[in-house]
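[1] Any chance you can model this:
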Amino acid sequence: MTDLFNPAPDTIKELVCSARGCGAEAQWGLLWNNPKLHTAERRKVWLACDDHREHLEQFLGARDFLRGTVPVSELEMSGDETSGPGVAGAPTR
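    Alright, predicted model coming up:
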């Protein structure tokens, strides 16, 4: 049963910042969903280093997609090498 009040974010494969061109180690998980595309309990994850956290939060927040930010230590890592976070389309700084 899905908990709508505490949805689980997608699993992540590696801790690399989602900002285009950034290869820094991520410190933050930005939890988001697009209500026009995703169910209410879905939480996609963009990863952010300290330098890009604010920019990525503003990008998602301006679209009303941002649902929360957590330290990467709270995210579940995937053991599957073929799957990863939904980071396509992360903006440049």
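
[2] The residue nearest to Pro9 when sequence neighbours are not counted and Leu56, how far apart?
    Closest residue to Pro9 apart from its sequence neighbours, by C-beta to C-beta, 6 or more residues apart in numbering: Arg43 at 4.0 Å. In short, each C-beta sits where N, CA and C put it, glycine included. Note on Arg43: its distance to Leu56, by C-beta to C-beta, to the nearest Å, is 15 Å.

[3] which element is Gly61 on?
    Assessed by DSSP states H and E, Gly61 sits inside helix 53-62.

[4] So Val70, which state does it fall into?
    Three-state call for Val70 (DSSP: H, G, I helix; E, B strand; the rest coil): strand.

[5] Contact partners for it?
    Contact analysis of Val70 by C-beta atoms under 8 Å, 6 or more residues apart in numbering lists Pro9, Trp28, Gly29, Leu31.

[6] who does the residue most central in space within the chain bridge with?
    Centroid-nearest residue in the chain: Val45, 1.9 Å away (criterion: C-alpha atoms, centre = their mean). When bridges are called by DSSP bridges, Val45 pairs up with Leu31.

[7] can I assume it is in contact with Leu30?
    Yes. If you go by C-beta atoms under 8 Å, Val45 and Leu30 touch, sitting 6.9 Å apart.

[8] Relative to Leu75, how far out is Thr39?
    20 Å.

[9] who's more crowded, these two?
    Between Thr39 and Leu75, counted using other C-beta atoms under 10 Å, the more crowded position is Leu75 (21 against 10).

[10] if you skip the residues just before and after it, what's nearest to that one?
    Of all residues not flanking Leu75 in the chain, Gly29 sits nearest, at 4.7 Å (C-beta to C-beta, 6+ apart).

[11] hang on, the one you found in a strand?
    Yes. Residue state for Gly29 (three-state DSSP) corresponds to a strand.

[12] ok, it - how many residues close by?
    Counted with other C-beta under 10 Å, residues neighbouring Gly29 total 26.

[13] What's the per-residue pLDDT of it here?
    Note on Gly29: pLDDT of 97.

[14] my guess is it contacts Ser73, does it?
    No. With contact taken as C-beta under 8 Å, Gly29 and Ser73 are classed as non-touching, separated by 9.2 Å.
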